[in-house]
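Asker: coords below, sequence missing:
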């Protein structure tokens, strides 16, 4: 029975980690990526003004793949951290500092 509770806890934690990682990546796309797009535009402008040939279609396609990959990477990052948290908390929770589970969870989250 304890194994089933730990497995349920692990699944819920991994799902919430995937959601949190996706939210993190979406915020990154909204807050950071516009600055990166401007920097790339400046670099392309400098390359064009110096006489280099620039394939704008290739650059635009590459940026689309980068932005899509950032969302996937954020989800994977959230899953990995939440899985580590869930495994350590479920199987090593008795040896963590703190009186109740809430304090133990906060301590472990701060440690991670």
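Answerer: Ah, there it is. Everything numeric here is computed off the predicted structure, so don't read it as measured data.
Asker: all contacts plus neighbour counts: C-alpha atoms, from now on.
Answerer: OK.
Asker: residues in contact with the residue nearest the centre of the chain?
Answerer: Central residue check for the chain by Cα atoms, centre = their mean: the C-alpha nearest the mean position is that of residue 74, 2.5 Å away. Shown in contact with residue 74 (Cα atoms under 8 Å, 6 or more residues apart in numbering): 18, 21-22, 24-25.
Asker: go with 10 Å
Answerer: Contacts for residue 74 (Cα atoms under 10 Å, 6 or more residues apart in numbering) come out as 17-26, 28, 80.
Asker: Counting residues, name the longest helix you see in the protein.
Answerer: helix 56-92 (DSSP state H).
Asker: list the buried ones in that one?
Answerer: Residues 63, 67, 70-72, 74-87, 89-90 are the ones in helix 56-92 that count as buried (16 or more other Cα atoms under 10 Å).
Asker: Let me know the next secondary structure element after it.
Answerer: helix 101-111 (DSSP states H and E).
Asker: What is that following helix packed up against?
Answerer: In terms of contacts (3 or more Cα pairs under 10 Å, 6 or more residues apart in numbering; DSSP states H and E), helix 101-111 is packed against helix 56-92.
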